[in-house]
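[1] Prediction below, plus the sequence it came from.
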Amino acid sequence: MADSSKNNLTMDSVLEMETNKEEIATHPEPELPTHTSSVALKNESIDLDTETDPDTNEAAAATTPDPSQWSIWSNKEKKIIIFAASFGSLFSSLSGQIYFPALNTIAKDLNVSNNLVTLSITTYLIFQGIAPTFTAQLSDTAGRRPSYMICFVLYIAANVGLALQNNYAALLILRCLQSAGSSGTVALASAVAADIVTTAELGSYISFAAAVPMLAPSIGPIIGGVIATFAGWHWIFWFLLILSLLVAIPFAIFFPETCRKIVADGSIPPPAWNKCYLNIREERKALLKGTPIKYAERDELAQTRHIRFPNPFTTILLLLQKECGFALLYSAFLSCTYYATMSLIPSQFGSIYKFNDLQVSLCYIPFGIGSMTAAFNRGRMIDTNFRRHCQRLGITYDRKYQADLADFPIERARLEVAIPTVFLGSAFVIGLGWMLQAHVNLAGPLIFIFGIGFCLSASINTVQVLMIDLYPGKTATVTASNNLVRCLLGAGATASVVPIIDGIGIGWCLTLFGLVNLVTTPLLWYIMKEGPGWRAERRKKVSEGALPTARDVTK
């Protein structure tokens, strides 16, 4: 048992401990090798290439993954795994976007107001923020596969209920369950990417992971509009049920476990409930050939894991960390504008241009195309800027090895890319508002919607990459924290956008959202200036032993 002084921790100590478990644990953690040679410095005084050759120590080689690699997966296999994870996370955004064109029809059929139907979007976003705080922590200890399976079961059950109900209260409750099932997969997709790729290539792969969900703003409203027009809005949920089954079944059979606390670099066989068919087949082949299987290493890793009921408070604690909280706050402001713009399209385009559900759905195409373009373009820009800073500092750049970011200005390398698109996106938002206020030709608003989709998606993704860089061992938890703030503030923005438009008009409404993004931009410069100092302060507290260990606190 921990002594009494450890049981009376200050809030600061708890906050630091929760976000640094990997750094301060008292037991060895072979599942999380640092591989600091990834950014070996040319300057000998800060040489990061400090790990020894594993071939010189047979005993270490028997229990520790090969430090010459961060992952056993080839580039092709990485892309396949991340694409599959990305496809699994499609349902969170798709279930929200496919619903928008049918809002007017649902309000009429259920005999409720537009504000009440919009409330179903708000509650969806609230659960979209809360649910990942549970699944993220579960996935960091129990693994990615079990978490995916739980999410799919909840989502499938919710779609069955939604397809059969004809009551507003049932709609509201089941949409919450649907959101809880689908939203957890968003954090899991980012976690899978961080499990198998290095910091040097993280921008491209995280953007690749976001690419499939970015299809939702484009295809979701179209599918929803077509189904609502020709088959009725109930069939939207039958469609989602069928699609989720088509994804969940092969996912359960083939998707491998990637959590580094379970399989390390992928070379250690997972426990039974984390296995896919491919694991079983490979183990059978190894047994037939007499090839050694790392069961001892698997058991050693299992002893360092303690699966407990997820505590969402741990996720919330990250929001109170300076280096994390400011970035998440700004990402949330961008998300407010993103969700507000998406949610006002049905009512505004329906009233201004007299569009039906199908025509409204087509107006989301530019938004989706802009978001997809940002997903692929922004990833390359992030990695290019990382390489530029490596060259500026005299650091050898190598995509194959995981980076030690202790003395690297990662905040600048990431956020410098975000600032231009923030300013441009805010201009597009303000311009869209006054175009709709003036009832201009449809072409103008559609062009600006494309710009909003590109700029806001690019900026949000960039902040997400920075969060993963700052907390490399807690990717799912960090993503869940990001999702929590974004969705809760986004829910507030969605609920308030129609009353604001009714009160001051669409022009001033979107001007307000655009100005919020602009006036809070100094937060990004503040993070770039103070971020390295905050990280150094955290490392100093850990090295001085000022904080309790994770094991002590959990006793």
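    Looks like it came in fine.

[2] which residues make contact with the strand or helix carrying Leu138 from outside it?
    Applying DSSP states H and E as the criterion places Leu138 in helix 132-141. With contact meaning C-beta atoms under 8 Å, 6 or more residues apart in numbering, helix 132-141 is reached by 146-147, 150-151, 183-188, 191, 259, 261, 305-308, 310-312, 314-316, 474, 476-477, 479-481, 483-484. The C-beta positions use only the backbone N, C-alpha and C, and glycine is treated the same way.

[3] from the middle of its chain, how far away would it be?
    Mean-position distance between helix 132-141 and its chain equals 12 Å (C-alpha atoms, centre = their mean, to the nearest Å).

[4] Show me which residues of the helix or strand hosting Ala374 are buried.
    Taking DSSP H and E as the criterion, Ala374 maps to helix 365-392. Using 16 or more other C-beta atoms under 10 Å as the test for burial, helix 365-392 gives 365-375, 378-379, 381-383, 385-386, 389-390.

[5] Stretch 407-425 too?
    For stretch 407-425, burial by neighbour count (16+ other C-beta under 10 Å) applies to 408, 410-418, 421-422, 424-425.

[6] now the angle from the one helix or strand Cys509 maps to to helix 132-141?
    Secondary structure assignment for Cys509, by DSSP H and E: helix 475-519. Per axes from the mean of the first three to the mean of the last three C-alpha atoms, to 10 degrees, the angle that helix 475-519 makes with helix 132-141 is 140 degrees.

[7] rewinding a little: from the buried residues of stretch 407-425, pick the one nearest Ala169.
    Within the buried residues of stretch 407-425, the smallest distance to Ala169 is 37.4 Å, found for Gly425 (C-beta to C-beta).

[8] and the closest one, what does it touch?
    Leu334, Thr337, Gly451, Ile452, Phe454, Cys455, Leu456, Ser459, Asn517.

[9] again with Tyr205
    By C-beta under 8 Å, 6+ apart, Tyr205 lies in contact with Lys78, Ile82, Ala193, Val197, Gly379.

[10] Which strands or helices does the helix holding Cys509 pack on?
    Using 3 or more C-beta pairs under 8 Å, 6 or more residues apart in numbering; DSSP states H and E, the elements in contact with helix 475-519 are helix 114-130, helix 132-141, helix 168-196, helix 312-318, helix 322-353, helix 410-438, helix 443-470.

[11] Take those helices and write them to a markdown table, including mean pLDDT and distance to Asn159.
    Shown next, in a markdown table, are the helices and strands packed on helix 475-519 (pLDDT from 0 to 100; distance: least, C-beta to C-beta, whole Å):
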| stretch | mean pLDDT | distance to Asn159 |
| --- | --- | --- |
| helix 114-130 | 83 | 13 |
| helix 132-141 | 80 | 18 |
| helix 168-196 | 87 | 6 |
| helix 312-318 | 72 | 25 |
| helix 322-353 | 86 | 21 |
| helix 410-438 | 92 | 33 |
| helix 443-470 | 89 | 26 |
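
[12] Nearest to Arg538, out of the ones you listed?
    Arg538 sits nearest to helix 322-353 of all the helices and strands packed on helix 475-519, at 7.7 Å, using C-beta to C-beta.

[13] for that closest one, which positions count as buried?
    Applying a neighbour-count criterion of 16+ other C-beta under 10 Å, one finds 322-324, 326-328, 330-350, 352 buried in helix 322-353.

[14] end-to-end on stretch 101-112?
    16 Å (C-alpha to C-alpha, to the nearest Å).

[15] Quick one: mean pLDDT for it?
    Per-residue pLDDT over stretch 101-112 has a mean of 86.

[16] List the contacts of it.
    With C-beta under 8 Å, 6+ apart as the test, stretch 101-112 has contacts from 113-114, 116-118, 121, 166-168, 171, 221, 224-225, 227-228, 233, 236, 346-347, 350, 357-358, 360-361, 364.

[17] Going through those residues, which ones are buried?
    114, 117-118, 121, 168, 171, 221, 224-225, 227-228, 233, 236, 346-347, 350, 357-358, 360-361, 364.

[18] and Gln437, how far is that from Phe367?
    Remark: distance between Gln437 and Phe367 (C-beta to C-beta, to the nearest Å) = 19 Å.

[19] Could you do Trp434 as well?
    Separation of Trp434 from Phe367 (C-beta to C-beta) stands at 18 Å.

[20] for the residue nearest to Ile130 when sequence neighbours are not counted, what are its contacts?
    Distances taken as C-beta to C-beta, 6 or more residues apart in numbering place Leu484 nearest to Ile130, at 6.6 Å, with adjacent residues excluded. Applying C-beta under 8 Å, 6+ apart to Leu484 gives the contacts Gly129, Ile130, Pro132, Thr133, Thr315, Ile316, Leu319.

[21] correct me, but Trp235 touches Ile227?
    Yes. Using C-beta atoms under 8 Å, Trp235 is in contact with Ile227, at 5.0 Å.

[22] and after the helix or strand hosting Ser244, which helix or strand comes next?
    For Ser244, the host element (DSSP H and E) is helix 234-254. Once the chain leaves helix 234-254, the next helix or strand it forms, by DSSP H and E, is helix 260-263.

[23] Outside of the helix or strand just after that next one itself, list whatever touches it.
    Using DSSP H and E, the helix or strand that follows helix 260-263 towards the C-terminus is helix 277-289. Under the contact criterion C-beta under 8 Å, 6+ apart, helix 277-289 has outside partners Ile253, Phe254, Pro256, Glu257, Pro269, Pro270, Thr291, Pro292, Ile293.
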